[in-house]
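Participant: Prediction below, plus the sequence it came from.
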2 protein chains.
Amino acid sequence: MADPTETPPSLRELTTYLLSRTGKDARTRLAESLAADGLRLYHHAALAALADLGPHTQRELAARLRLDPSDLAKAADLLAARGWIDRTRDPADRRRLTLTLTAAGRTRLAGLQAEARALQDAFLAPLDPAERAVLHGLLLRLHAGAAPQ
Amino acid sequence: MADPTETPPSLRELTTYLLSRTGKDARTRLAESLAADGLRLYHHAALAALADLGPHTQRELAARLRLDPSDLAKAADLLAARGWIDRTRDPADRRRLTLTLTAAGRTRLAGLQAEARALQDAFLAPLDPAERAVLHGLLLRLHAGAAPQ
DNA sequence: CAAAACAGTGGGTTCGCACCCACTATAGGG
DNA sequence: CCCTATAGTGGGTGCGAACCCACTGTTTTG
């Protein structure tokens, strides 16, 4: 009855292994859903940051998303081309471009969030709502602890 | 007091986002520790599978680790070169190579497990032992639910 | 015993991610 | 003003993951 794809017990015992594996699965599913529209995870993240925290310059947004400023510029190209953000030259410092979410961007973000939630519901299906809340809380603390670098 | 690297709240609300991000952090740390010895995560996984579940043919091991058989062949090259596995031609079916852990391989695996546990202790530092156990249990169930594909 | 199937392997490709540099336009300090 | 620093950008690089094909040797099947 040995499942030929069973994970070796000594790996299953490592919480970090499970975290890495389930996290990768989750990431892959999110990425696939976005890829259908030619988007990457950081496009979603960029829209979310602009919606939650207001306009950013490109450098600010790059720092927040831990992206290279050069890579963020390319991402912003796409978001602007789709009409989801405005890129306006800061009159006070004409080197800076201020990125602002448009109404269309807000709408698209709502759609992306809905897709992400639907995927999440499927992914977390083995857990009941209380367990999901516990998991979320624990991950939040790990996230806060690990993020500082 | 707005932290310029704070994660946007609407992403922090997504459990799958947190899972993906913390999982990636955990994976990166494990990978870096292995890289110091020229190893990848799948080398550790291969040794663990052979230790826990006994000898495998290359195809069996590739299926278990969800690796391409061609890639597993390259990984097995390295493990054999370091003396951690034996590759013996199966006399009953001379197409097959049976991979078996050597004593040296078992020793190396013990070292890798110890390193992984040490990293894990650091990574899970924000959680107390009871919380770690809860997290582990929840992830195990997600892992079991997600693995079937 | 010929044909089809299969194990392993060498040599690729593609893709996403993370960098990095050179260059421009602009700002700001002495 | 000149000099240095900074914002954005175009065009790269290197790496690892994942995949894929062609080929050899071996087994199985009709």
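Facilitator: That came through fine.
Participant: C-alpha from now on. contacts and neighbour counts both.
Facilitator: Will do.
Participant: Now do the strands for chain A: every range, in order, please.
Facilitator: Along chain A, counting by DSSP state E, strands occupy A:56-57, A:85-89, A:97-101.
Participant: Any residues of chain A in contact with DNA strand D? List them.
Facilitator: Within reach of DNA strand D by C-alpha under 7 Å from any atom of the strand, chain A has these residues: A:57-60, A:69-71, A:73-74, A:76, A:95-98.
Participant: Among these, name the buried ones.
Facilitator: A:Thr57, A:Gln58, A:Arg59, A:Glu60, A:Pro69, A:Ala73, A:Ala76, A:Arg96, A:Leu97, A:Thr98 (16 or more other C-alpha atoms under 10 Å in any protein chain shown).
Participant: wait, what's in contact with the last one?
Facilitator: Read that as A:Thr98. A:Pro55, A:His56, A:Thr57, A:Gln58, A:Asp86, A:Arg87, A:Thr88, A:Arg89, A:Asp90 (C-alpha atoms under 8 Å, 6 or more residues apart in numbering or on different chains).
Participant: Leaving out the residues flanking it, which one is nearest to the third one?
Facilitator: Put plainly, it is A:Thr57. Once flanking residues are discounted, A:Thr57 sits nearest to A:Thr98: 4.4 Å by C-alpha to C-alpha, 6 or more residues apart in numbering or on different chains.
Participant: do the first one as well
Facilitator: Spatial nearest neighbour of A:Pro55, excluding adjacent residues (C-alpha to C-alpha, 6+ apart): A:Thr100 at 4.8 Å.
Participant: Specify the beta-bridge partners of A:Arg87.
Facilitator: A:Leu99 (DSSP bridges).
Participant: On the pLDDT front, check it for me.
Facilitator: The confidence metric pLDDT takes the value 97 at A:Arg87.
Participant: Hmm, A:Leu99 and it touching each other?
Facilitator: Yes. Between A:Arg87 and A:Leu99 there is a contact under C-alpha atoms under 8 Å: 4.8 Å.
Participant: When the two are compared, which one has more neighbours?
Facilitator: Set A:Arg87 next to A:Leu99 and count neighbours by other C-alpha atoms under 10 Å in any protein chain shown: A:Leu99 wins out with 26 against 20.
Participant: pLDDT below threshold where in chain A?
Facilitator: Along chain A, segments meeting pLDDT under 70 span A:1, A:146-149.
Participant: give me that answer again for 90
Facilitator: A:1-6, A:145-149 (pLDDT under 90).
Participant: follow-up on the earlier one: out of the residues of chain A next to DNA strand D, which sit inside helices?
Facilitator: A:Gln58, A:Arg59, A:Glu60, A:Pro69, A:Ser70, A:Asp71, A:Ala73, A:Lys74, A:Ala76 (DSSP state H).
Participant: Out of these, which is nearest to chain B?
Facilitator: Chain B has its nearest neighbour among these in A:Glu60, at 7.2 Å by C-alpha to the nearest C-alpha.
Participant: related to what we said a few turns ago, of the residues of chain A next to DNA strand D, list those near DNA strand C.
Facilitator: A:Ser70, A:Asp71, A:Arg95.
Participant: Those into CSV, with extra columns for distance to A:Thr5?
Facilitator: Converted to CSV, these look like this (distance: C-alpha to C-alpha, whole Å):
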residue, distance to A:Thr5
A:Ser70, 41
A:Asp71, 38
A:Arg95, 55
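Participant: Hmm, A:Pro8 is touching B:Ala49, no?
Facilitator: Yes. Here A:Pro8 reaches B:Ala49: they are 5.0 Å apart, a contact under C-alpha under 8 Å.
Participant: okay, those two: which has more neighbours?
Facilitator: Neighbour totals were compared for A:Pro8 and B:Ala49, and B:Ala49 leads with 23 against 19 (other C-alpha under 10 Å).
Participant: Let me see the contact set for the more buried one.
Facilitator: Residues near B:Ala49 by C-alpha under 8 Å, 6+ apart: A:Thr7, A:Pro8, B:Leu61.
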